[in-house]
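Chemist: I'll drop the sequence and a predicted model, then ask my questions.
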Amino acid sequence: MSAILIIEQILNGLQFGVMLFLMAAGLTLIFGVMGLINLAHGSLYMVGAFAAAAVAGWTGSFLLGLAAALAAAALAGAIIEMVVIRRLYSAAHLDQVLATFALILIFSEGTRWVFGSFPLFLDIPEALSGPVTLPGGIQYPLYRLALIAIGLAVAVGLWALIERTRIGIQIRAGENDREMIGALGVDISKLYTLVFALGAGLAGLSGALVGAIQSVQVGMGEPVLILAFVVIVIGGIGSIRGAFVGALLVGLTDTLGGVFLPELFAVFMETSAAQKSGSALASMSIYILMGLVLIWRPTGLFGARI
Amino acid sequence: MRIEERFVNATVLVGLLGVPLWALMIEEPFTITLATRAVILALAAVGLNVILGVGGLVSFGHAIFFGIGGYAMGILAFHAQTYSELDLGLFSTSGTNSMPVIWLVAMGFSAFSAFLIGLLTLRTSGVYFIMITLAFGQMFYYFAISWPSYGGEDGLSIYVRNDFPGLNTLVPFQFFALCFVILCVVLFIYARLQASPFGLALNSARQSRARAETVGLDPMRIRLLAFVISGAITGLAGALFADLNRFVSPTMFSWQLSGELIVLIIIGGVGRLMGPVIGACLFVALEHFLGGFTEFWHVFLGLILLAIVLFARGGVIGLLTGKEGAHV
Amino acid sequence: MSEAILATHHLQKRFGAVIATEDVSIDLRAGEIHAVIGPNGAGKSTLIKQICGGIQSDDGWVELMGRDVSKLNTQKRARAGLARTFQISELAMEDSVLENVVLGAMGAKGSPWQFWRAALKTPHLIERAEAALERVGLLSESETRCAQLSHGQRRQLEVAVALTLSPRAFIMDEPMAGLGAEGSKQLTTFLDGLRAEAPILLVEHDMDAVFALADRISVLVYGKIIASGTPDEIRASGEVRDAYLGDTL
């Protein structure tokens, strides 16, 4: 096994990780500020991907597609927040789960209705296609590098937004004490809509970015959603920093496990059996990681200690 | 208009038995199969209702047990069908076609997995519990897909339905009757359990954990046992479901199925004896009629669900009897 | 002097920089009511949780009948003989009054592990539960859903549940809160008789009740016991007056 392969896989893991972070950041923010568990976050990811594919296909511009993804997902987020989600903040978790599950059904089937069951394709823009040579002579797809850069940029931007701006102060106040933001003279319902739309926009953005390397289809959001749940459980609900660390851990574990576990098993097993058990175990690796974190710290790495 | 819950319950059971009887007379075997599907889904949801309705823990991973039950049937019947050995290290078996044996294995494995998963997940509650059970469900799903011995992603077909002594299970009505009797027995057990000291303890730990602890009860152990019972019942339903379709696949582990089981309970009424049964009947009816009308019937299911959550807490039983569902 | 049933030794708890309790050593002897008073935020709630379980103390230990129970969780301490009532009622609101008390009766027997016979048809549970309801005067409400009880009735129910445990010691967190004059008077009479059964650690704001009932009073201010003694001694203490009682007396 070569060092090049290892570095390549680490980069793949990072790329997967930062995209998960875009999903998980919105989820954890929405939970932290509004106390809401939003299963429909995966639908917003899908909305972003479809909007990007449609607009990019129509205009031929990937950038316009990305802008459309952000706008469509944020808009969809704002609308469902105002029509449905808003009524759920004080409701039991079961109601939140059910209502947002209902939203998944509506979004998924509605999208199938409009776009049909066949996957759409979103092409990687010309300027970012093809490989690039990294120091050490490693050939790596430029687009994936760009994804890592965008993901890190969004992470920094979010950090700045929350630590350095007025809205950030209100968000942090909302996480600590819901009554306090009322006392600060903030229009809570506007703040909530804004936070929800922000989370939705991030989900839509990651849907569009990932859509260009996978296919854009109905149901693409939920597996990512559940991975994002694993990320927040590991990182601690409500913690953006936890979401970042958790996302990278999950991204790296999943990618590296998928490649190296079968190889590892081949050391002491015959090849076909090693392939079988290695890939089966790899498919479970992130959940095992989650289980270990739970045993060690039931509220996650950066979660509030009970 | 307020109707006695007992009356609603009796009507539902009579209706659930009556429809297939009628179908038998006019020779509509497909309707009998639909009714069997409703009965089995109801059984799975009754299992979930133990931990969700009485215990107040929203398990979004109950498809795990449904799938384990399904694969217990699939694997045992597969070895019996291919005359191959299933080597388990300590001993080996050539599988079986006997339903009672399959049920025991299905319930045993489901209960054991529920015990292990419960040990981990019940340390948490609320949103953590929802997310973690959802994640564990996904783990089983991907495991089933990536484990090639039993069909992997494509699943496993069993060509002949398994045997039950004295019945010809391939006759739709006989298989229906078998499932119906099992459902009735489990409903009876559920009712006893709910009224027993154990049920009372579980129920009050949902409403106030501090109260249960202060009188010396251990919520964790009580919930763990409830989770095990819950998993075993859903596992049994999974084995029956696999026998109904004569097919198992990783979709039995899917998160959508976990979600649908919760939906069944909500439609009927949370924590109510017959809530899951009513929910399953309505769900199967909707699936059949709306599904025949439009391919996109899930949109309407979604809208109905939203309406129930936002406006009709307590589900159908709540609407009919004026009683609220359990608060979870 | 009789043996202490319950004793705390040098209990301490900090939350970050905030000291909730510091070096709290109090005891509760057979047959007495020992009241703990103090201003809001003095650490009374923390102290109760340190005694009954729910908060791990940073330092110090709790003895019940001479046995260190500090390492036990809430439910084990309850089974060892501590019965706590809550300031804000912790009851199964969807259940009937009887079911709530039966739950206590079950806990006292340490056995929820019965799966077949209905709890409400189990004679020994019902007897125990109804006896407790009778004593607090709630027997006529046994079928009522807890959510429909008045505030005062819920307080009575809290006490009834504690009675079913036949505890070694009662820990009562502001049982008079929100009761009104008549209710307070009734409960005062009731607690007066209860002390013979098991001693009561009474955390209470109602000074009339405290001075009418208590054999001893400890004053908790900023997490520390600043004075401890008979009601007369406390009334006379200048330090207590300055720190807490002010001119309310």
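Modeler: Yep, it's here.

Chemist: number of nearby residues for A:Ile84?
Modeler: Residue A:84: Val, not Ile. 18 (other CB atoms under 10 Å in any protein chain shown). Placement of C-beta: from N, CA and C, glycine included.

Chemist: local confidence estimate at it?
Modeler: Note on A:Val84: pLDDT of 93.

Chemist: contacts only, for the closest residue to it other than its chain neighbours.
Modeler: Leaving aside its sequence neighbours, A:Val84 sits nearest to A:Ala99 (CB to CB, 6 or more residues apart in numbering or on different chains; 6.1 Å). With contact taken as CB atoms under 8 Å, 6 or more residues apart in numbering or on different chains, A:Ala99 is in contact with A:Val84, A:Ile85, A:Leu88, A:Ala91, B:Leu305, B:Leu306, B:Val309, B:Leu310.

Chemist: of these, just say which sits nearest to chain C.
Modeler: A:Ala91 (17.0 Å; CB to the nearest CB).

Chemist: from A:Ala282, how far out is that closest one?
Modeler: Using CB to CB, to the nearest Å, we find A:Ala91 at a distance of 38 Å from A:Ala282.

Chemist: higher neighbour count, these two?
Modeler: Using other CB under 10 Å as the criterion, A:Ala91 and A:Ala282 rank with A:Ala282 on top: 23 against 17.

Chemist: give me the contact status of the longest helix that chain B contains with chain A.
Modeler: What stands out as the longest helix in chain B, according to DSSP state H, is helix B:219-245. No: Helix B:219-245 lies out of reach of chain A by CB under 8 Å from any CB of the partner chain, never closer than 11.9 Å.

Chemist: what separates that helix from the chain centre, distance-wise?
Modeler: Its chain's C-alpha centre and that of helix B:219-245 lie 7 Å apart, by CA atoms, centre = their mean, to the nearest Å.

Chemist: packing partners for it?
Modeler: Where contact means 3 or more CB pairs under 8 Å, 6 or more residues apart in numbering or on different chains; DSSP states H and E, helix B:219-245 is packed against helix B:29-49, helix B:63-82, helix B:99-121, helix B:172-195, helix B:197-207, helix B:209-214.

Chemist: pull up the residues of chain B that are close to chain C.
Modeler: So chain B meets chain C at B:192-193, B:195-204, B:207-208, B:210-219, B:222, B:326-327 (CB under 8 Å from any CB).

Chemist: any low-confidence regions in the stretch 51-200 of chain A?
Modeler: Along the stretch 51-200 of chain A, the parts satisfying pLDDT under 70 run over A:176-185.

Chemist: can you check chain B too?
Modeler: B:1-2.

Chemist: residue 102: what's it in contact with?
Modeler: Just going to use chain A. B:Leu301, B:Gly302, B:Leu303, B:Leu305, B:Leu306, B:Val309 are the contacts of A:Ala102 under CB under 8 Å, 6+ apart.

Chemist: wrong one, chain C
Modeler: B:Pro197, B:Leu200, C:Ala119, C:Leu120, C:Leu125, C:Ile126, C:Ala129.

Chemist: contacting residues for residue 40?
Modeler: Just going to use chain A. Residues near A:Ala40 by CB under 8 Å, 6+ apart: A:Ile80, A:Thr100, A:Phe101, A:Leu103, A:Ile104, A:Phe107.

Chemist: wrong chain, I was asking about chain C
Modeler: Neighbours of C:Asn40 in contact, by CB under 8 Å, 6+ apart: none.

Chemist: that one falls within a strand, correct?
Modeler: No: the assignment for C:Asn40, made by DSSP: H, G, I helix; E, B strand; the rest coil, is coil rather than a strand.

Chemist: make CSV out of the contacts of C:Val102 and add neighbour count, secondary structure and distance to C:Gly60.
Modeler: As requested, the contacts of C:Val102 are exported to CSV (neighbours: other CB atoms under 10 Å in any protein chain shown; DSSP: H, G, I helix; E, B strand; the rest coil; distance: CB to CB, whole Å):
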residue, neighbour count, secondary structure, distance to C:Gly60
B:Pro197, 26, helix, 36
B:Leu200, 27, helix, 36
C:Ala119, 25, helix, 39
C:Leu120, 17, helix, 42
C:Leu125, 27, helix, 37
C:Ile126, 17, helix, 41
C:Ala129, 29, helix, 36
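
Chemist: near chain A, which residues of chain C are found?
Modeler: Residues of chain C lying close to chain A (CB under 8 Å from any CB): none.

Chemist: how much space between the most far-flung residue of chain C relative to its centre and chain B?
Modeler: Within chain C, C:Trp116 marks the point farthest from the mean C-alpha position, 33.3 Å out by CA atoms, centre = their mean. Going from C:Trp116 to chain B by CB to the nearest CB, to the nearest Å gives 6 Å.

Chemist: and the residue of the stretch 201-328 of chain B at minimum distance from chain C, how many neighbours does it have?
Modeler: Using CB to the nearest CB, the single residue of the stretch 201-328 of chain B nearest to chain C is B:Val215, 3.1 Å away. Look at B:Val215: counted by other CB under 10 Å, it has 28 neighbours.

Chemist: ok, it - contacts?
Modeler: C:Ala78, C:Leu103, C:Gly104, C:Met106, C:Gly107, C:Ala108, C:Val161, C:Thr164, C:Leu165.

Chemist: chain neighbours aside, what residue packs nearest to the fifth one?
Modeler: This points to C:Gly107. Nearest non-adjacent residue to C:Gly107 (CB to CB, 6+ apart): B:Val215, at 3.1 Å.

Chemist: what's the answer for the third one, then?
Modeler: By the measure of CB to CB, 6+ apart, the closest residue to C:Gly104 outside its immediate chain neighbours is C:Thr164, 3.5 Å from it.

Chemist: just the pLDDT for that neighbour.
Modeler: Note for C:Thr164: predicted pLDDT of 94.

Chemist: hmm, which two among the contacts of A:Ala40 are most spread apart?
Modeler: Across the contacts of A:Ala40, the longest distance by CB to CB is 13.0 Å; it joins A:Ile80 and A:Phe101.
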